[in-house]
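Enquirer: dropping a prediction and its sequence here:
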Amino acid sequence: MKLNSEEWFTEVYPDDGCALSLELSEKLHEEQTAWQKLEVYQTTGFGRLMLLDGCIMLTSRDNFIYHEMMTHPVLCMHPAPENVLIIGGGDCGCLREVLKYPSIKHVHQVDLDERVTWASMKYFPELCESNNDPRAELSYTDGVAFIEQAESASYDIIIVDSTDPVGQARRLYTEEFYRACYTGLSDNGILVAQSESPLFHKDLILSMRSRMADAGFNDTATLFFPQCTYPSGWWSASVAFKADRPSNYRSVDIETKYYNNAIHQAAQAMPQFMQDTDK
């Protein structure tokens, strides 16, 4: 079967000799924002699709896995999270998940591109259902500068829901950025950042954890989970603990579609070829 380029979107991963294609039925939106090219399509099998600079950001069908795994594990590891900072996350999916917890007092989401949130509100309204929660604060500015200027010990959890480490996003993968996050976290604070595909980007995960340690964090870990519309279909989030890594976690008692207590434990299991990340 030969794919018609007008009917299919294909994201090519040239370094790994593969690609992913989604069948399209309609273009819903296209614009060049101040920061990136933003597109939204209707697909035949995965609901709506958002692209940034030609790369898949999310689909209606599978985004819940990513958003739940970027939020619930660290929220359940922290003994009493109240104040959360989300850097990036303009689609507001992580914001929605964090605000499911009644104990949360304040969530500040800081994303560079307001148009991503606009598009999410229009085309993915289910992700934005908590945007008007009085505990939510949305700002559109540089997340790196924001955390560098934040008061020390301001946040219990920092979630870095970023794009791939290219362009402006490269700054979110540096030791200097992790050091600023360390300062901005409270004593039991936890940092979690998306860390790409274990299969394709093992070296990136290793470098992130090394830089987190060099920035002062006491321990690190990596969570593994499926994400079928991201490169290789296998994704990760890397976690840094300001104090000791907790041996216990609180059982989840909120509505989820993927995350549960068994997933929490299984996601921390280190594949054999990744064992040298466990330092």
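Expert: Okay, I see it. Numbering: from 1, shown residues only.
Enquirer: so in the chain, which strand runs the longest?
Expert: In the chain, taking DSSP state E as the definition, the longest strand is strand 18-32.
Enquirer: against which helices or strands is it packed?
Expert: Packing partners of strand 18-32 (3 or more CB pairs under 8 Å, 6 or more residues apart in numbering; DSSP states H and E): strand 8-13, strand 37-43, strand 48-52, strand 55-59, helix 114-123. C-beta coordinates here come from the backbone N, C-alpha and C atoms, glycine included.
Enquirer: with respect to Ser186, which of the ones you listed lies nearest?
Expert: The closest of the helices and strands packed on strand 18-32 to Ser186 is helix 114-123. By CB to CB, the value is 27.0 Å.
Enquirer: which other helices and strands contact the closest one?
Expert: Helix 114-123 sits against strand 18-32, strand 37-43, strand 48-52, strand 136-140, with contacts defined as 3+ CB pairs under 8 Å, 6+ apart.
Enquirer: check which residues of the last one are buried.
Expert: When neighbours are counted by 16 or more other CB atoms under 10 Å, the buried residues of strand 136-140 are found to be Ala136, Leu138.
Enquirer: distance check, the nearest residue to Asp161 once chain neighbours are set aside against Pro14.
Expert: Computed as CB to CB, 6 or more residues apart in numbering, the closest residue to Asp161 that is not its neighbour in sequence is Gly89, at 3.6 Å. With distances taken as CB to CB, to the nearest Å, Gly89 is found 28 Å from Pro14.
Enquirer: just the CA trace of stretch 207-214, in PDB.
Expert: Taking Å, rounded to 0.1, in the frame of the first residue of the first chain, the C-alpha atoms of stretch 207-214 are listed here in PDB:
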ATOM      1  CA  SER A 207      22.700  12.800  30.300                       C
ATOM      2  CA  MET A 208      19.600  14.200  31.900                       C
ATOM      3  CA  ARG A 209      20.000  12.100  35.100                       C
ATOM      4  CA  SER A 210      23.700  12.900  35.300                       C
ATOM      5  CA  ARG A 211      22.900  16.600  35.000                       C
ATOM      6  CA  MET A 212      20.200  16.400  37.600                       C
ATOM      7  CA  ALA A 213      22.700  14.800  40.000                       C
ATOM      8  CA  ASP A 214      25.300  17.400  39.200                       C
END
